[in-house]
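Q: Fold the following.
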Amino acid sequence: MNDSNTHFSNLPKRIERLGDLAGNLWFSWNPDALALLKTLDIKLWEDFDHNPVRVIRDLDPQRLEDLAADEAFLAQFDAVMAAFDAYMEDPSPWFSETHPGAKDKPMAYFSMEFGFHECIRIYSGGLGILAGDHLKTASDMGLPMVGVGLLYRVAYFTQFITRHGDQQAVYRSVDYANMAMRLVRDDHGKTLTVRLPIGTRTVAARVWQVQVGRVPLYLLDTDFPENTLEDRRITERLYVGDRDLRLAQEMILGIGGALALEALGITPAVWHLNEGHSALLIFERLRVMMAGGMHSDAAMAAIQKSTVFTTHTPVPAGNETFEVERMDRLMSSYLNTLNLDRTAFLNLGHANQHQESDPYNLTILALKASHLANGVSQLHGEVAREMWQKLWPEKAVKEVPIGAITNGVHLDTWMTTEVQRLLTDELSRDWKQHVNDTEFWKGLEAVSPKALWTTHMTLKKAFIREVRRRAVIQRERNGEDRTSLCTAQTLFDPDVLTIGFARRFAPYKRATLMFKDMHRLRSMLTHSERPVQIVIAGKAHPADVNGQGLIREIYKLSRQPEFSGRLVLVENYDMILSRRMVSGVDVWLNTPRRPLEASGTSGMKVALNGGLNLSILDGWWCEGYDAAYGWAIGEEKEYADGDQQDWEDAQSLYHLLESEVIPAYYSRDDSGLPGEWIEKMKGSMAALIPQFNTNRMLEEYIAQMYLPSL
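A: A predicted model of the protein is given here:
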């Protein structure tokens, strides 16, 4: 039995199934469903972060009655609901047809964050977006998968930038009652709640369900009256700085998540740990097996056989660690229920024999408790094997058992409706049936250059409108004068080469690399015949003073008169802005310090929509790069001297822009089209779409990780 937030007493009977549509995140990646929901009330749609639950609740009753009598709307509504029903009721999706013996063996996917859509903000960045794309694709392919995560009371912060360039982080409470989720209840109608000891207290976590197409996602939260005020804060916000709260979060995610699946009657055949945050689930599985009479060694062997682990970071600081004292203080009561020797417990979180002074490492725990592990690009796999070779000192680095499955992106989420329509009209009506077929995509060569360029320019203009809209809002809020507002309304020229850069402002991502030689950059941005304009976006963690300093530095440069209209820092990078950016820029710039970018996926999203990549040979671009359709900054090597690496990469970036990128964009044929550029667009799409999508990615997870674990 479930409480549903998507029962609407105000819906007329003829269109009451709008509640079904709003209550399943399938709408977020179906263009026709999105178009239908936008027609309800476009202003409410924009005001409420594209949240159909809130829109329907706030619609004027007369508007609903009018829609229920509107033949055109009803035809659109019926078509969308028919497609939704066909999707949900498909008796033989890909997985059950291809692997019939595994169709009834559940797979559990644990992640600290999930990014599906802007109306459910339980994500901060790339890890969450990838997790969201993973579950969407699992739904599309029909995997018997469930997701497990946390439900945060406060959404990841909204970023405001003051007129002095300072980042302000504003946290807003989430209104659970107006989200596409439901509180799960047991057979007796009671809220499904799990309990576990944390420190000296017993903490309760209730279970919510979000439906992601065919895949259920279960989210745990502690913010309700049964808990103390301190424990209600455990799931207050994502990635809290307080280390006690962070460990408590990861106990709720891992141990509580495993308890929730048991209470739901779900026994996963495969447990997938997306990063080390959920690794403590190992101990709940161990507790259950040992309580059933299994010896700890046999139980651990069984756990290893059915557990797989994905590591996402080659940066040591990105791997979760806790002091042994903190682990003892918060986990001792729980560990007492296992009958597990303390030394054995501690050894699982250390590379070799545990030392009291060494922190407990959840990545090490996940690696030791999994029989299969992977990095998220081929280069990251190499880096991870070297990084964690100390766990297998008897093995050569190349023999360390960490593989690699390169990330992809969910095509229906990140490829615009306009590009999908172009492919249908110019390539094939059934092109989605050939997503991974590299031979099929060579047919892009025959696509009309004018049609492709017209589509790109439509998307570019939409992106520029969004930049202008956000700039006006920011400047109005900061009390800027009328002249400044007028300037914001005319920012950027669609005919000018436009470069996009949007990242988390961590130092290794080198957001200021492009500013190393201001004279050369200024010459390019302000060139009288072949100018360049750059859009930059991204957040710095509220505790990251250096990252916030980079934002301030870039903002001040962007407001200098000589860069007006040529350099813009857009505040509050989110999924809405991201979709506009990756579909509207001409070139995507990525400048991490190699080899610290595990994968990256933004450039993949750009390629889906015809944009070109200009990137360091790191992460996915090592596999995706070809001079026929993109540019590689610097050399394919690492440097001992970071300053030298920065300088050489900056010089390479300037040289590529001056000698290749800018000339190619502004070189026009007799019809006024950039013929060479369009050929690069076609080549990029043909090579990268079939290689860097989540269908390919998930097929590799199935073959290399999931099926061998059954």
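Q: Would you confirm that residue 685 belongs to a helix?
A: Yes. Counting by DSSP: H, G, I helix; E, B strand; the rest coil, residue 685 is located in a helix.
Q: unless I'm mixing things up, it is touching residue 607, no?
A: Yes. Under the criterion of C-beta atoms under 8 Å, residue 685 makes contact with residue 607 at 6.3 Å. Just so you know, the C-beta spots here come from the backbone N, C-alpha and C atoms, and that holds for glycine as well.
Q: Among the two, which residue is more densely surrounded?
A: Taking neighbours as other C-beta atoms under 10 Å, residue 685 and residue 607 compare with residue 607 leading, 28 against 24.
Q: tally of neighbours for residue 565?
A: So residue 565, with other C-beta under 10 Å, has 18 neighbours.
Q: Residue 587 now?
A: Residue 587: 24 neighbours (other C-beta under 10 Å).
Q: May I ask you to confirm that it is in contact with residue 514?
A: No. Using C-beta under 8 Å, residue 587 makes no contact with residue 514, being 11.8 Å away.
Q: Tell me which residues are up against stretch 291-300.
A: 285, 286, 289, 290, 302, 340, 344, 369 (C-beta atoms under 8 Å, 6 or more residues apart in numbering).
Q: where's the fourth one, which helix or strand?
A: Meaning residue 290. Assigning secondary structure by DSSP states H and E places residue 290 in helix 281-291.
Q: could you give the mean pLDDT of the following helix or strand past that helix?
A: Remark: after helix 281-291, the chain's next helix or strand is helix 296-305, criterion DSSP H and E. For helix 296-305, mean pLDDT is 95.
Q: Could you pull out the strands in the stretch 501-650 of the chain for me?
A: Assigned by DSSP state E, counting those that start in this stretch, the strands in the stretch 501-650 of the chain fall at 532-537, 567-570, 587-590, 612-616, 631-633.
Q: so what does the helix or strand bottoming out on mean pLDDT in the chain touch, helix or strand wise?
A: Within the chain, judged by mean pLDDT, DSSP states H and E, the helix or strand with the poorest mean is helix 342-347; its value is a mean of 89. Under the contact criterion of 3 or more C-beta pairs under 8 Å, 6 or more residues apart in numbering; DSSP states H and E, helix 342-347 touches helix 324-336.
Q: if we can go back for a sec, just want the angle from the helix holding residue 290 to helix 296-305.
A: 130 degrees (axes from the mean of the first three to the mean of the last three C-alpha atoms, to 10 degrees).
Q: in helix 281-291, what counts as buried?
A: For helix 281-291, burial by neighbour count (16 or more other C-beta atoms under 10 Å) applies to 281, 282, 283, 284, 285, 286, 287, 288, 289, 290.
Q: go on, stretch 235-254?
A: Neighbour-count burial for stretch 235-254 [16+ other C-beta under 10 Å]: 235-240, 244-254.
Q: Same check on stretch 654-661?
A: So for stretch 654-661, counting by 16+ other C-beta under 10 Å, buried means 654, 656, 657, 661.
Q: and the longest helix that the chain contains, how far out from the chain's middle?
A: In terms of residue count, the longest helix belonging to the chain (DSSP state H) is helix 449-477. Centroid separation between helix 449-477 and its chain, computed with C-alpha atoms, centre = their mean, to the nearest Å, is 23 Å.
Q: and that helix, what does it pack onto?
A: Counting by 3+ C-beta pairs under 8 Å, 6+ apart, helix 449-477 packs on strand 158-161, helix 417-426, helix 482-489, strand 497-502, strand 567-570, helix 575-584, helix 675-688.
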